[in-house]
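In: the sequence and its predicted three-dimensional model are supplied below.
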Amino acid sequence: MNTNCDLIVVGAGPAGLAAACSAAQAGLKVLLLDEFMKPGGRLLGQLHQEPGGAWWNGIREAQLLVLGAQEAGAVIETGVSVTGLERTRDNGWTLWTNQGRYRSPYVLLATGAAESANPLPGWTLPGVMSIGAAQVMTNVQRVRVGKRGVVIGMNVLAMAIVSELRLAGIDLAAIVLPPGNALSGSSSDPEAVLESLVRFADLAPNAMLKYGAKLLQSSMTRNIALNLYPKQGIRMMGVPLQLRRCAIEIVGRDAVEGVLVADVTPRGEPIAGSERFMEADFVCIAGGLYPLAELAAVAGCPFRYVPELGGHVPVHGENMQTPVPGLYVAGNITGVESAKVAIAQGRVAGLSIAFSAAAENAPDEAEIKDAMKQVKRIRQEALIQFHPDIARSRAKLYQTETV
Amino acid sequence: MSYGRIEHHPVLGPLPPAATVSFSFDGSHYTAREGESIAAALLASGIRTLRLHEEHGSPRGIYCNIGHCMECRVTIGAKSGIRACLTPVKAGMDIRSGTVLPTPFRQATKSDRSLSL
């Protein structure tokens, strides 16, 4: 059993790496565990242009964070899956993994987010994957996911990854809505989708869409737009964005051969007789993200349901501490936000743990408060707002949950 | 059919060089870039189906590609239930796809019915 550390960080994504760096700089012995073969988490797949034109290259950003953590003395082990954790009698933690047991007085869960599925008939066929799977395959593994694909679902993550697939020369036939069912909720409603698209229209490389977005801020203009919206869609990065079309079924015998789609009314109801077959050899399902928080539940942490943050989140304070002694959280496990916010939260968590552990170079309270302010600042400046009410819902969470 | 690799990328640049390792999947030989996942190596060779559903035999491949969904599980040597998306290929690896498993209780029910007692 590995017992030689002060802090185990679960998840070597942006939050975990930043936390490991600041905790190690403060003098803690930090071990960072991740089940993927290389550190960086989902940051690795990110690739987009910042407003100034500079590229945000996730692979390079991850390399910098890894270097920072390692130079501070943190040890990173990859290929380690943490399956459970339990409080020990001496106020520490035992972690169960596929590589044996580990012990540590402090644990930080930085497990990130997972993708929600929008199941539809045929979704288990080989060639159907989550949109994030296509992102990792394209930008990290550099393997083509197929020759021509259909994206089902329109949300901020889908749009970001569509542009990444296009950049890599992957052909996409269309982006369509998911079929209306008990699980798809408002993601199959054209008006709700249009309203959410308007929020990140500044990301659109198409000037017409940016201009259009301003017009679409009222419900009345949105309705007019939906009624006039061309069935074949409006091209975005060369891909028809078909707000008036939904997937009905993914078709194929041994693998994806295409998608059966149908036109929908402005309210999202399929129009009988409008079904058509769209040829494709892969399909990306974009159902959005939710905090990946099972380990916090296993550890006995209480949860709150905060839809603005992506679902059930472990109760935690602004200093990233949970009500469970020695247990901290940072990054998307606390709510779905951008990697930059996760990095800032990780820094808060690392400093808070070093403070609690009375580490050799522990920060003072002012330094932790500054780091907490930095999280808010970065959240305000974030290019991609996953939800318009993140800041307000966080303020509410931190007010009611004083840890 | 081969899907192949993204050799040139306008922002990420050319695919960095990597050593090649060989492995087998269901008895056929393939090559991988050293350090890449089993799922990536197989997809680059045009292999999408990683297993058949244990009960009804429908084909399955990767879904999430980051270890959450468990759809890509394969058998390596004597160890089953290994996630192809998280496991790097090693030289000489003997990988097997999942196949249909016996469901004796269901079969008993079916044969009981077919006896039409």
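Out: Looks like it arrived, so ask away.
In: which residues of chain B fall in helices?
Out: B:38-44, B:104-114 (DSSP state H).
In: flag every residue of chain A that's near chain B.
Out: Residues of chain A found near chain B (CB under 8 Å from any CB of the partner chain) are A:35-37, A:42, A:47, A:55, A:57, A:59, A:79, A:81, A:114-115, A:117, A:124-130, A:132-134, A:136-139, A:141-147, A:167-169, A:254-255, A:292. C-betas here are computed from N, CA, C, even on glycine.
In: pop the domain breakdown of chain A in here.
Out: A:7-114+A:289-400, A:117-285 (automatic domain parsing).
In: mind checking how far the first one is from the chain centre?
Out: Yep, that's domain A:7-114+A:289-400 we're talking about. 13 Å (CA atoms, centre = their mean, to the nearest Å).
In: ok, now stretch B:97-109?
Out: Counting by CA atoms, centre = their mean, stretch B:97-109 comes out at 20 Å from the chain centroid.
In: if we can go back for a sec, so which of the domains of chain A is nearest residue B:72?
Out: Residue B:72 sits nearest to domain A:117-285 of all these, at 9.7 Å, using CB to CB.
In: show me what contacts the residue nearest in space to the middle of chain B?
Out: Chain B has residue B:50 as the residue nearest its centroid, 3.0 Å off, counting by CA atoms, centre = their mean. Counting by CB atoms under 8 Å, 6 or more residues apart in numbering or on different chains, residue B:50 touches A:126, B:39, B:42, B:60-62, B:71-74, B:84, B:97-98.
In: got TSV for these, with distance to residue A:195, neighbour count and pLDDT too?
Out: TSV is the format used below for those (distance: CB to CB, whole Å; neighbours: other CB atoms under 10 Å in any protein chain shown; pLDDT from 0 to 100):
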residue	distance to residue A:195	neighbour count	pLDDT
A:126	35	23	98
B:39	36	27	98
B:42	41	26	97
B:60	36	22	97
B:61	34	26	97
B:62	33	30	97
B:71	33	22	96
B:72	36	26	97
B:73	40	19	96
B:74	43	23	97
B:84	39	27	98
B:97	44	18	96
B:98	43	18	86
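In: among the residues you listed, which one lies nearest to residue A:302?
Out: residue B:71 (31.3 Å).
In: how about the residues of chain B by chain A?
Out: B:3-7, B:9-12, B:15, B:35-37, B:40, B:43-44, B:48-50, B:53, B:58-69, B:71, B:85-88.
In: please spell out the PyMOL selection for the buried subset of those residues.
Out: Buried residues among the residues of chain B next to chain A (16 or more other CB atoms under 10 Å in any protein chain shown), as a PyMOL selection:
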select buried, chain B and resi 3+5+6+9+12+36+37+40+43+44+48+49+50+59+60+61+62+63+64+65+66+67+68+69+71+85+86+87+88
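In: per-residue pLDDT, residue A:236?
Out: pLDDT, residue A:236: 81.
In: that one contacts residue A:162, doesn't it?
Out: Yes - using CB atoms under 8 Å, residue A:236 is in contact with residue A:162, at 7.4 Å.
In: quick check: neighbours shared by those two?
Out: Counting by CB under 8 Å, 6+ apart, the shared contacts of residue A:236 and residue A:162 are residue A:175.
In: higher neighbour count, these two?
Out: residue A:162 (26 against 21; other CB atoms under 10 Å in any protein chain shown).
In: which elements pack onto the helix or strand harbouring the more buried one?
Out: Using DSSP states H and E, residue A:162 falls within helix A:156-167. Secondary-structure packing of helix A:156-167 (3 or more CB pairs under 8 Å, 6 or more residues apart in numbering or on different chains; DSSP states H and E): strand A:47-49, helix A:131-135, strand A:148-152, strand A:171-177, helix A:190-199.
In: now the helices for chain A?
Out: Assigned by DSSP H, chain A shows helices spanning A:14-25, A:58-71, A:131-135, A:156-167, A:190-199, A:207-215, A:219-228, A:294-298, A:339-356, A:365-381, A:390-400.
In: contacting residues for residue B:54?
Out: B:98, B:99, B:100, B:101.
In: which of those tops the neighbour count?
Out: Ranked by the number of neighbours (other CB under 10 Å), these place residue B:98 first, at 18 neighbours.
In: spatially, what comes nearest to residue A:309 if we skip its sequence neighbours?
Out: Spatial nearest neighbour of residue A:309, excluding adjacent residues (CB to CB, 6 or more residues apart in numbering or on different chains): residue A:335 at 3.0 Å.
In: just residue A:48 next, same as before
Out: Per CB to CB, 6+ apart, closest to residue A:48 is residue A:56, 5.3 Å.
In: and that neighbour, how far is that from chain B?
Out: Residue A:56 sits 10 Å away from chain B when distances are taken as CB to the nearest CB, to the nearest Å.
In: what number of residues lie near that residue?
Out: Burial of residue A:56 is recorded as 16 neighbouring residues (other CB under 10 Å).
In: quick one, strands of chain B?
Out: B:8-9, B:13-14, B:20-25, B:28-33, B:51-52, B:59-60, B:73-76, B:79-83, B:94-96 (DSSP state E).
In: could you give the average pLDDT over the lengthiest strand in chain A?
Out: Longest among the strand segments of chain A by residue count, using DSSP E, is strand A:239-251. Per-residue pLDDT over strand A:239-251 has a mean of 95.
In: what packs against it?
Out: Using 3+ CB pairs under 8 Å, 6+ apart: strand A:239-251 touches strand A:148-152, strand A:171-177, helix A:190-199, strand A:234-236, strand A:258-263.
In: quickly note the distance from the residue nearest to residue A:389 when sequence neighbours are not counted to residue A:302.
Out: Distances taken as CB to CB, 6+ apart put residue A:308 closest to residue A:389, at 4.4 Å, once the chain neighbours are dropped. Distance, residue A:308 to residue A:302, using CB to CB, to the nearest Å: 18 Å.
In: of those two, who's got more company?
Out: Neighbours per residue (other CB under 10 Å) separate residue A:308 from residue A:302, with residue A:308 holding more: 19 against 13.
In: what residues does that one make contact with?
Out: A:335, A:387, A:388, A:389, A:390, A:392, A:393.
In: residues near the closest residue to residue B:9 other than its chain neighbours, how many?
Out: Using CB to CB, 6+ apart and skipping the chain neighbours, the partner closest in space to residue B:9 is residue A:168 (5.8 Å). Other residues near residue A:168 come to 22 when the count uses other CB under 10 Å.
In: now do residue A:168 against residue B:15, distance only.
Out: Computed as CB to CB, the residue A:168 to residue B:15 distance reads 11 Å.
In: who touches both of the two?
Out: Common neighbours of residue A:168 and residue B:15 (CB under 8 Å, 6+ apart) are B:6, B:9.
In: for the strands of chain B, which one ends up most surrounded?
Out: Mean neighbour count (mean count of other CB atoms under 10 Å in any protein chain shown) peaks for strand B:59-60 among the strands of chain B, with a mean of 20.
In: what values do phi and psi take at the residue in chain A sticking out farthest from the centre?
Out: Centroid-distance maximum for chain A: residue A:273 at 37.3 Å, with CA atoms, centre = their mean. Backbone torsions of residue A:273, given as degrees, to the nearest 10, read phi 90, psi -10.
In: ok, now which ones touch it?
Out: Here residue A:273 is in contact with no residues (criterion: CB under 8 Å, 6+ apart).
In: could you list the low-pLDDT ranges of chain A?
Out: By pLDDT under 70, the low-scoring segments of chain A are A:200-217, A:383-385, A:401-403.
In: coming back round to it: roughly how far apart are the residue nearest to residue A:389 and residue B:41?
Out: Using CB to CB, one obtains 40 Å as the distance from residue A:308 to residue B:41.
In: and what of residue B:59?
Out: Taking CB to CB, one finds residue B:59 at 18 Å from residue B:41.
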